[in-house]
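Visitor: Requesting a structural model of the entry that follows:
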Amino acid sequence: MPIEPTIKSRPVYGTLSPQKGTEHLLIADAEGAQAILDLAKAAPEGFFSAAEIVFIPRATGDRYVAALKGLTPARFYEGPSIAAALPRLRQTLATAHVGLRVYLAGTEGLMGQAMQVALEAGIDHSSIQTEHRGSLARRVQCVHCKGITEDVTTQPVTCAHCGLTLFVRDHYSRRLAAFQGVCINAEDRSEQVPVEEAFP
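Guide: Presented below is the predicted three-dimensional model:
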């Protein structure tokens with residue numbers, strides 16, 4: 001689903017396209033794989049021989065795995081979760097050379113966390129491309145307990161850490177790679193607030 005550019009704090013996502021570089025690191029989750037496959041149609045010969053693909057299938061299972069492997073990247077990693085892939089990403093970036101280009105595709109949760117790791121490793125912002133594909137689910141930080149709740153699709157949501165009922169604000173923190181959640185019934189915790197799907 002496309003992201004409407006209505007939230008000023010939210011990053012602006014583009015469309016992946018092959019760039020000149022000595023190495024290419026492509027990171028995607030779920031439907032983000034299709035963005036890599038679309039990029040491949042425009043990639044010059046030899047592009048993937050200097051590329052590593054990190055893919056987290058999530059609910060897509062093995063739908064994209066064979067096609068991504070079929071691009072014959074120099075390295076391919078299939079991870080069980082974003083959290084499991086981040087240490088590998090840190091290691092890859094710690095040994096990267098000048099000229100590395102980074103491509104991020106899929107959910108905001110993946111792109112935000114991978115962007116943090118890349119920037120911490122000293123990758124220049126201009127060397128990173130992003131493309132949103134798939135779910136609009138949000139990564140939400142509870143402003144009260146500071147816990148992160150992943151893949152939030154409802155408004156409000158129950159904090160996975162402290163159990164408060166949180167209103168998910170339209171404020172995105174790039175530092176945290178998360179939206180902010182504030183207690184919606186702080187005056188009266190017994191108040192039941194209707195829950196509805198808001199971020200499919």
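Visitor: how about the strands of the protein, start to end?
Guide: Using DSSP state E, the strands assigned to the chain run over residues 23-29, 51-56, 75-78, 100-106, 128-132, 138-142, 148-152, 154-155, 157-158, 165-173, 178-183, 196-197.
Visitor: residues of the third one that come out buried?
Guide: Buried positions in strand 75-78, judged by neighbour count with 16 or more other C-beta atoms under 10 Å: 76-77. Quick note: C-beta positions are derived from backbone N, CA and C, even for glycine.
Visitor: Not counting its own residues, what contacts it?
Guide: With contact meaning C-beta atoms under 8 Å, 6 or more residues apart in numbering, strand 75-78 is reached by 51-57, 65, 68-69, 85, 88.
Visitor: switch the cut-off to 10 Å
Guide: Defining contact as C-beta atoms under 10 Å, 6 or more residues apart in numbering, one finds that strand 75-78 is touched by 25-27, 48, 51-57, 62, 64-65, 68-69, 84-85, 88-89, 92.
Visitor: what about the nearest residue to Ala137 once chain neighbours are set aside, how many residues close to it?
Guide: If the residues on either side of it in the chain are set aside, Ala137 comes closest to Asp151, at 4.4 Å by C-beta to C-beta, 6 or more residues apart in numbering. Neighbours of Asp151 under the rule other C-beta atoms under 10 Å: 15.
Visitor: One more: Gln19?
Guide: Residues lying near Gln19 (other C-beta under 10 Å) number 16.
Visitor: That one is in contact with Ser127, isn't it?
Guide: Yes - using C-beta atoms under 10 Å, Gln19 makes contact with Ser127 at a distance of 7.9 Å.
Visitor: what do the two both touch?
Guide: Residues touching both Gln19 and Ser127 by C-beta under 10 Å, 6+ apart: 99, 101-103.
Visitor: Let's have these in CSV, adding neighbour count.
Guide: Listed next are those as CSV, based on neighbours: other C-beta atoms under 10 Å:
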residue, neighbour count
Gly99, 13
Arg101, 20
Val102, 28
Tyr103, 25
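Visitor: Which members of these are the farthest-apart pair?
Guide: Gly99 and Tyr103 (14.1 Å; C-beta to C-beta).
Visitor: Could you chop this protein up by domain?
Guide: According to automatic domain parsing, the chain comprises the domains 23-132, 138-197.
Visitor: Show me what the mean pLDDT comes to for the last one.
Guide: Spelled out, that is domain 138-197. Averaged across domain 138-197, pLDDT comes to 94.
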